[in-house]
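**Q** Predicted coordinates and the sequence they were generated for:
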Amino acid sequence: FTKPREIRRIFSIKGKGGTGIPFVGKATRNNRERAALFSLGVDEGKETIYARLQKQFVGQGYCHFPIEDDRNYNQDYFEGLCSEKRIEKYVKGKKTYQWVKIKSGIRNEPLDLRNYATAALEILNPDMEYLSKHKQKISAETTKKPKVKKKKRRVISKGI
């Protein structure tokens, strides 16, 4: 699916749990279609998300959420965003960390989607300063009155 769309910067991703896995790994093409596949360290991403959610002042890494009701950022969304917690577990005498759901009835899709969106932002690495300047330029152009073009008469035939 993604191979013909790579020119539009659409890539395949695969989540991988466990400690020590980088949030966004190098792209591999070791698959049947030779498509770029990025491996994501989902545990590292969840730690980043929870650290950003704890920030109380606007700045780098602060999470902004729209307040409009029609955007579906309601109580269910935020319960899903905070649906997991990290626990310490000892496996074969070594301390490891695992992410487990707090309650079994709460869906964790908002957390996973935020994780994948953060990874997509890191993979694409857009120039945010340029985008903000470009957005201001476009908003200034749309506030101007559009010029009305005078309609030209079309010549159907010039005769014989």
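**A** Nice, I can see it.
**Q** Which strand or helix spans the residue nearest in space to the middle of the chain?
**A** What sits nearest the mean C-alpha location of the chain, by Cα atoms, centre = their mean, is A117, with 1.7 Å. Assigned by DSSP states H and E, A117 falls within helix 109-124.
**Q** do A51 as well
**A** Going by DSSP H and E, A51 is part of helix 42-53.
**Q** Tell me, what's the model's pLDDT at the residue nearest to the centre of the chain?
**A** What the model reports as pLDDT for A117 is 89.
**Q** Ok, the one 10 residues further on next?
**A** Confidence per residue is given as pLDDT, and for D127 that number is 83.
**Q** For H134, see how far away it is.
**A** Distance of D127 to H134, given as Cβ to Cβ, to the nearest Å: 9 Å. The way it works is simple: take the backbone N, C-alpha and C, and place the C-beta from them, glycine included.
**Q** Any stretches of this structure with poor pLDDT?
**A** Residues of the chain meeting the criterion pLDDT under 70: 139-147, 160.
**Q** Show me the strands in it, by range?
**A** With DSSP state E as the criterion, the chain has strands at 12-16, 37-41, 84-91, 94-101.
**Q** Give me the residues contacting the second one.
**A** For strand 37-41, contacts defined as Cβ atoms under 8 Å, 6 or more residues apart in numbering pick out 11-18, 21-31, 115-116, 119, 123.
**Q** gap between the helix holding A117 and the chain center?
**A** 4 Å (Cα atoms, centre = their mean, to the nearest Å).
**Q** Tell me what angle that helix forms with helix 42-53.
**A** 100 degrees (axes from the mean of the first three to the mean of the last three Cα atoms, to 10 degrees).
**Q** who does the helix holding A51 touch, helix- and strand-wise?
**A** Counting contacts by 3 or more Cβ pairs under 8 Å, 6 or more residues apart in numbering; DSSP states H and E, helix 42-53 packs against strand 84-91, strand 94-101, helix 109-124.
**Q** can the ones you listed go into CSV with extra columns for distance to P66?
**A** Converted to CSV, the helices and strands packed on helix 42-53 look like this (distance: least, Cβ to Cβ, whole Å):
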stretch, distance to P66
strand 84-91, 23
strand 94-101, 26
helix 109-124, 14
